[in-house]
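Colleague: model the following, please.
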Amino acid sequence: MTIRLRHDAIVRTLRRNGTATVEELAQAVGASRRTVLRDISALRDQGFVIHSEPGRGGGVQLDPQSVQTTARLSVTEVFALLISVAAMRAARTLPFSDLADAGLAKIEKALPADKVRDLRTILDCLHVGQLSPKQDIGDMGTIDPALLPAFEVAFLQRLNLRFCYHDAKGAQSHREVEPQAMLILPPLWYLVAWDPVRDDFRHFRMDRITSPEVNEGARFRRRHVPFENDVCPFNELSP
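Modeller: Presented below is the predicted three-dimensional model:
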C-alpha cells in the first residue's frame with residue numbers, strides 16, 4: 001500500500017470508528033506501529049485535526065469538522081480539474097465559468113507552495129484551441145488513465161516518455177519522445193512532442209497512446225512549439 005493510500009485508509013477508519021488505537025490502525029493498513037505514528041504526524045501537517053488520548057482505553061480521534069480535502073489533492077488531480085474546465089470552456093459548454101474559476105482559485109490557495117509551483121509548471125505546457133469541423137472523430141477512443149500521472153513526472157522533470165502508439169490506419173509503433181506540450185481541441189486531446197528519430201515535432205492523439213513509461217535516464221530541454229494562431233495558452237483562457 002502506498003503512502004497516499006495508507007493515509008486515505010487511516011482517515012476513513014477514524015471517520016468510521018470515531019476513535020481507534022494505533023495498533024488497530026496499523027492492522028487496518030498493514031503497517032507497523034511506527035509507520036502509523038509517522039502517518040498521523042503527516043496527516044496533521046496536512047491540516048487534519050487528530051487528537052490523542054494516552055493510557056488504557058485511549059487512542060486517536062479525528063475531529064469531525066476536520067475535512068481538508070483540498071490540501072490533500074495531488075498536483076495531477078488539480079491539473080485534471082483545470083484541464084477539464086479548460087476543455088469545457090473551449091468547447092463553449094461551461095455555462096458557470098465564473099463559479100468554476102472561483103472554485104479553482106480557492107483550491108490553488110489551499111495547496112502547499114511546492115504543489116502550486118509544480119501545477120503552474122505543468123499549466124505552462126497546456127494549450128487549447130478549436131477542432132476543425134472536417135476532423136473525423138468517429139474512431140475516438142478512451143485515454144489510458146496512466147497517461148496523466150506519467151505526464152506529471154515527464155513534464156516536471158523533463159524526462160523522455162515511451163509509449164505504444166497506433167495511428168489512424170491501426171499500425172502500431174513504439175515511440176520515445178520529448179513531451180513539450182498538451183493540446184486540447186475538444187473533444188480530442190494531443191501530446192505535442194519532439195521526436196528525436198524524425199528530428200521534428202509530432203502530434204500524438206492521447207486516445208491512441210498506451211503503456212506510457214517515463215525514461216528516467218533521458219532528460220531533454222524545453223523547445224518553442226510553433227502552434228497555429230487559433231491555439232492559445234491555457235492562462236489566456238482565464239478572465
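Colleague: tell me, what residue is most central in the protein?
Modeller: Thr76 (1.3 Å; C-alpha atoms, centre = their mean).
Colleague: if you count contacts, what does the top strand by length along the chain end up packed against?
Modeller: Longest strand in the chain, counting residues (DSSP state E): strand 172-185. In terms of contacts (3 or more C-beta pairs under 8 Å, 6 or more residues apart in numbering; DSSP states H and E), strand 172-185 is packed against helix 75-90, strand 126-128, helix 147-157, strand 159-166, strand 188-195, strand 200-205. From N, CA and C alone the C-beta is placed, and that goes for glycine too.
Colleague: next, the buried residues of it.
Modeller: Arg175, Val177, Glu178, Pro179, Gln180, Ala181, Met182, Leu183, Ile184, Leu185 (16 or more other C-beta atoms under 10 Å).
Colleague: likewise stretch 45-62?
Modeller: Phe48, Ile50, Gly59, Val60, Gln61, Leu62.
Colleague: can I get these in JSON lines with secondary structure?
Modeller: Converted to JSON lines, the buried residues of stretch 45-62 look like this (DSSP: H, G, I helix; E, B strand; the rest coil):
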{"residue": "Phe48", "secondary structure": "coil"}
{"residue": "Ile50", "secondary structure": "strand"}
{"residue": "Gly59", "secondary structure": "strand"}
{"residue": "Val60", "secondary structure": "strand"}
{"residue": "Gln61", "secondary structure": "strand"}
{"residue": "Leu62", "secondary structure": "strand"}
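Colleague: from those, which single one is nearest Leu123?
Modeller: Proximity of these to Leu123 was ranked by C-beta to C-beta; the top entry is Phe48 with 27.6 Å.
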